[in-house]
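> next one to model:
(one chain, ligands or ions: 1)
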Amino acid sequence: MDLYIKLSDVKEIIRKLSSEPCYQHTGEDFYSGIGAVESELSMLPAVEAEPTRYGTWIHSINQIDETHSYHRWTCSLCGRTVARPNETLIDTLPYCYCGAKMSVEGK
Ligand SMILES: [Zn+2]
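Got it, this is the predicted structure:
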């Protein structure tokens, strides 16, 4: 799987490094090289992506009456709840509606 980084963060790192004292007396070639690297980075193909957020389904049981109950799962990030007739059906929801990648409490 490819990993993505934020272009503006890479450029900021390059700018910070180029301002460090050990690079201050390296001459025009160094700064020309930094400019070339920044230019090449700007031409890389880009995708729109957001960092993955991770949440947990928190389990509870709602007892309707003596013989009827349902399983209720609450997202640890947004608080949204989903109800399922049995405990295993939560495995069909690997993502919450808020976009978080979910794990199941206790698993
Ligand atoms: Zn959520």
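
> residues contacting the spatially closest residue to residue 97 that is not a sequence neighbour?
Among residues not flanking residue 97 along the chain, residue 80 sits closest, at 5.7 Å (CB to CB, 6 or more residues apart in numbering). For glycine as for every other residue, the C-beta is placed from the backbone atoms N, C-alpha and C. By CB atoms under 8 Å, 6 or more residues apart in numbering, residue 80 lies in contact with 74, 96-98.

> surely residue 18 touches residue 35?
No - taking contacts as CB atoms under 8 Å, residue 18 lies outside contact range of residue 35: 9.7 Å.

> CA-only coordinates of the helix ranked longest in the chain in PDB, if you can.
Ordering each helix of the chain by length in residues (DSSP state H) puts helix 28-42 first. The C-alpha coordinates for helix 28-42 follow below in PDB (Å, rounded to 0.1, in the frame of the first residue of the first chain):
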ATOM      1  CA  GLU A  28      24.500  29.300  -4.000                       C
ATOM      2  CA  ASP A  29      24.500  25.700  -5.400                       C
ATOM      3  CA  PHE A  30      22.900  24.400  -2.200                       C
ATOM      4  CA  TYR A  31      20.000  26.900  -2.400                       C
ATOM      5  CA  SER A  32      19.600  26.300  -6.100                       C
ATOM      6  CA  GLY A  33      19.300  22.600  -5.300                       C
ATOM      7  CA  ILE A  34      16.700  23.200  -2.600                       C
ATOM      8  CA  GLY A  35      14.600  25.200  -5.200                       C
ATOM      9  CA  ALA A  36      14.900  22.300  -7.600                       C
ATOM     10  CA  VAL A  37      13.700  19.800  -5.100                       C
ATOM     11  CA  GLU A  38      10.700  22.000  -4.200                       C
ATOM     12  CA  SER A  39       9.900  22.400  -7.800                       C
ATOM     13  CA  GLU A  40      10.000  18.600  -8.400                       C
ATOM     14  CA  LEU A  41       7.900  18.000  -5.400                       C
ATOM     15  CA  SER A  42       5.200  20.300  -6.700                       C
END
